[in-house]
Each structure stands twice: as C-alpha cells, then as structure tokens.
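> Take this sequence and fold it.
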Amino acid sequence: MLTGDEWRTLPDGVNCAPLTDGSTFPLSDPRAASAPGFLAFFRGTLNDARDVSVVWLMLQCLLVVGTGIALFFVHGVPFVCLALVHVALLFGALIDRFTLMLHFTSHRPLFGKRFRLLNHVIPWVLGPFFGQTPNSYFAHHMGMHHREENLRPDLSSTMRFQRNRLDHWLCYYLRFMIIGLPELCLYFIRGRRYKLFVRVLVGEGTYWSAVALGLYFVPAPTLVVFVGPLIAMRMLMMMGNWAQHAFVCQEHPEDPYRASITSINTRYNRRCFNDGYHILHHVNPRCHWTEHPIEFEKALPEYAAHDAIVFNGVDYFQIWVCLMFGRWGTLADRFVHLKGAPARSRDEVIAFLKSRVVAFPR
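Numbers count the residues shown, from 1 in each chain. Prediction:
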C-alpha cells in the first residue's frame, strides 16, 4: 500500500515509492507511447507530436470498419464467420481503446488547424462502427458532464443513487438509454447553447436515418455492425462513469478529489490512455495522458490532504463488479493508504468506502 510521497526511478524505468517498511511500491502506468516509424511523417499534422500513437490506433480501427462494411456484402456461412471475426476484433481488441481515444481527442483535438477536417474521422467515420453516434459523445461529455462535474444538474450524475445497488444502476442505465438524448437536447435548449443542440441533432439524425434504412434493407449486418455495439457501448460507458463517481463525499461533492477516484497500475491504463487517473482528469482535463502518472506523483500531498480514494490494480469495471456484489474486502485490499491521509484499519477502510456510496438526500 502506498504511504510515501517521494518517488525514485529504478534501473528498468519503473517508478517506485518507498513504504514505511522499506519496501517499494511500483507505478507501472505508461509515460510514453510508441508507434511504427513509417508514421513519423504524421507528426507535422498533429497538435502534439506525441500523438502519432493515436494515428496508429486509428489505422488499427479501420480493420473493424473494413470487416463491418464487408458484412453487408456476404451471406450465409461466410456472413456468420466474418461476423465472429468482426465481433472479436471489436470487443476483444479495440472498442475500449477507441472509446478512450475518442475521449482524449475530444479534450485535445488531434490534428492541427491546417488539417482540422481530419478531426472528424474519429467521431464520424470510425465512431458509428464502435457504438458511438457522431457528435453526441463530445456534446454530452464536454458540453454537459465537465460543466456540471457530477453535481445535480449533471444528467449523468450518480449522486441520487445508492451506488452499491444493482437495481439503482439499472435505473441509471435505462434512464440514460430511454430519455438521455431528449434530456441532453433540453439541457442545451434551456442553456441557450444552440450550437451543441444542433450538433447533437445532426449527428443523431444522420446516424439513426442510416440505421433505419439498414434495418429495412439489410437488417442482419445492421444489427451486428451498428445497433449491437451501440447498446453495449452505452452500457459500458454507464458502468465506467458509475465507478468513476461512485465514492462521493456527502459534505464536499463539488471537490473533484472527493467526487471521483484514481485507479493505478492496471492493464486498462496501459491500453486506454491512463484513464484511471480520473481525479486528475477533472482537476486538469487538458493534461496529456502521458503526463498523468507524473502529475499524480507531484500532487500526492494534495490527494492525501483531500482524503482522496486511490485503488491499486483494479480498474473501473472491476470496481463496478465489487460494488454490485458487495466485495468490500477486495476493494479494501486494493485501497492505497496515502501518506498524510487519515490512518485506517481494513475494517475502517470498508466503513469509509461504504460511507461514500450512500445516495444523497433528494
């Protein structure tokens, strides 16, 4: 468990913090990204040369686009075989990485001004094949969620729910699926933010018009390529947001250190742009993902002073499962004891975590 705030670098490049017993605590989350050398010429088109790796991921995502398009031109046994390949590529290899690429590039546009039209490739060309309707993610996340910060006006706020109950999460998910889009449009109209309202209408209208035509003329591939991923993706996003904002302090829900969590040393962070550093993301949304571990190290005294919740070795979806099935002991074992935060026994950690998932009074 992490109890130190002074870090050193080991010879193999893994950063560690000393513990009170003299052992070390490794921080293995990535601080750089690599890409094939033949993509180096893209550096001049990007706002940040470090993001060549994102271009490489975009090219990989074209595999899913290719198999998705091919499904509209095959029938019978070839269709079934290709559909299995498509689903394996989508859910087994790329959908998590694509979603966090969309998230990252919503905050930091990928291509520079001269090539800004290429910024539409991710939401408009790739997005529909990965369960994301064009423009809606940007409008919801940037235009609403970060503006409201999980407080009551936030349409995806977790505050009104008991965050360790499956029935409450189901209400949360179904509410988003059924009335999430009308609520978002009404939110922008009430705020007189008509540009975002129009962007949502154009994106959703284009997507659903195409899907309606597909369901009428070629229903099987349309269901596999577009409808299924959208339903699954929105479920996964609601699981992720639920876990990110499950442990909210009743006294200070406006404090990002007390309204979100940090999850370190996970495979998810290595695959998905260090998305586990969600406290930092709300403190500084434009921080480049490779800098998240560095900024986390620098701010450890601040995290401790705010009694922030940090988990080691579990990602948001594992945390969601622990909450739904009452695995408080697992969460307590993964809880990081920050130096300067209140000292707690294992039972006290469990009590502390339980106190943070209680629904707020209406």
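
> Surely Met142 touches His107?
Yes: using CB atoms under 8 Å, Met142 is in contact with His107, at 7.2 Å. Every residue, glycine included, has its C-beta placed from N, CA and C.

> what's downstream of whichever strand or helix holds Gly205, the next helix or strand?
Using DSSP states H and E, Gly205 maps to helix 194-217. Using DSSP H and E, the next helix or strand after helix 194-217 towards the C-terminus is helix 219-222.

> so how many other residues sit close to the closest residue to Tyr303 other than its chain neighbours?
The spatial neighbour of Tyr303 that comes closest, neighbours along the chain excluded (CB to CB, 6 or more residues apart in numbering), is Leu338 at 5.7 Å. Burial measure for Leu338: 23 neighbouring residues, criterion other CB atoms under 10 Å.

> quick one: buried residues of the helix holding Gly205?
196-197, 199-201, 203-204, 207, 211, 214 (16 or more other CB atoms under 10 Å).

> Return the alpha-carbon coordinates of that helix using CSV.
Coordinates of the C-alpha atoms in helix 194-217 are reproduced here as CSV (Å, rounded to 0.1, in the frame of the first residue of the first chain):
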residue,chain,number,x,y,z
TYR,A,194,-27.9,26.1,-29.6
LYS,A,195,-24.7,25.1,-31.4
LEU,A,196,-24.3,22.0,-29.3
PHE,A,197,-28.0,21.3,-29.7
VAL,A,198,-27.7,21.4,-33.4
ARG,A,199,-24.6,19.2,-33.4
VAL,A,200,-26.5,16.5,-31.4
LEU,A,201,-29.4,16.7,-33.8
VAL,A,202,-27.2,16.4,-36.9
GLY,A,203,-25.2,13.6,-35.5
GLU,A,204,-28.1,11.5,-34.1
GLY,A,205,-30.3,12.3,-37.1
THR,A,206,-27.7,11.2,-39.6
TYR,A,207,-26.8,8.0,-37.7
TRP,A,208,-30.4,6.9,-37.0
SER,A,209,-31.5,7.6,-40.5
ALA,A,210,-28.8,5.4,-41.9
VAL,A,211,-29.6,2.7,-39.3
ALA,A,212,-33.3,2.8,-40.1
LEU,A,213,-32.5,2.3,-43.8
GLY,A,214,-30.1,-0.5,-42.9
LEU,A,215,-32.7,-2.3,-40.7
TYR,A,216,-35.2,-2.1,-43.5
PHE,A,217,-33.0,-3.4,-46.4
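
> can you map out the strands along the protein?
Secondary structure of the chain, counting by DSSP state E: strands at 8-9, 15-18, 24-27, 261-264, 309-312.

> And those, which one averages the lowest pLDDT?
Among the strands of the chain, strand 8-9 carries the lowest mean pLDDT, a mean of 34.

> low pLDDT regions in the protein?
1-25 (pLDDT under 70).

> Near Gly313, how many residues? Count them for me, please.
By other CB under 10 Å, 14 other residues sit near Gly313.

> cool, and Val74?
Counted with other CB under 10 Å, Val74 comes out at 14.

> cool, the one 5 residues further on as well?
The burial metric for Phe79, expressed as a neighbour count using other CB under 10 Å, is 17.

> give the contact list for it.
Counting by CB atoms under 8 Å, 6 or more residues apart in numbering, Phe79 makes contact with 71, 220-221.

> repeat that with 10 Å
By CB atoms under 10 Å, 6 or more residues apart in numbering, the contact list for Phe79 reads 70-73, 220-221, 224.

> what does Gly127 give?
Here Gly127 is in contact with 61, 98-99, 102, 120-121, 133-137, 203, 207, 233 (CB under 10 Å, 6+ apart).

> Recalculate using a threshold of 8 Å.
Each residue near Gly127 by CB under 8 Å, 6+ apart is listed here: 102, 133-134, 137.

> do Thr105 as well
Counted by CB under 8 Å, 6+ apart, Thr105 has contacts 54, 119, 122.

> and if we set it to 7 Å?
Contacts of Thr105 were listed using CB atoms under 7 Å, 6 or more residues apart in numbering, and they are 54, 122.
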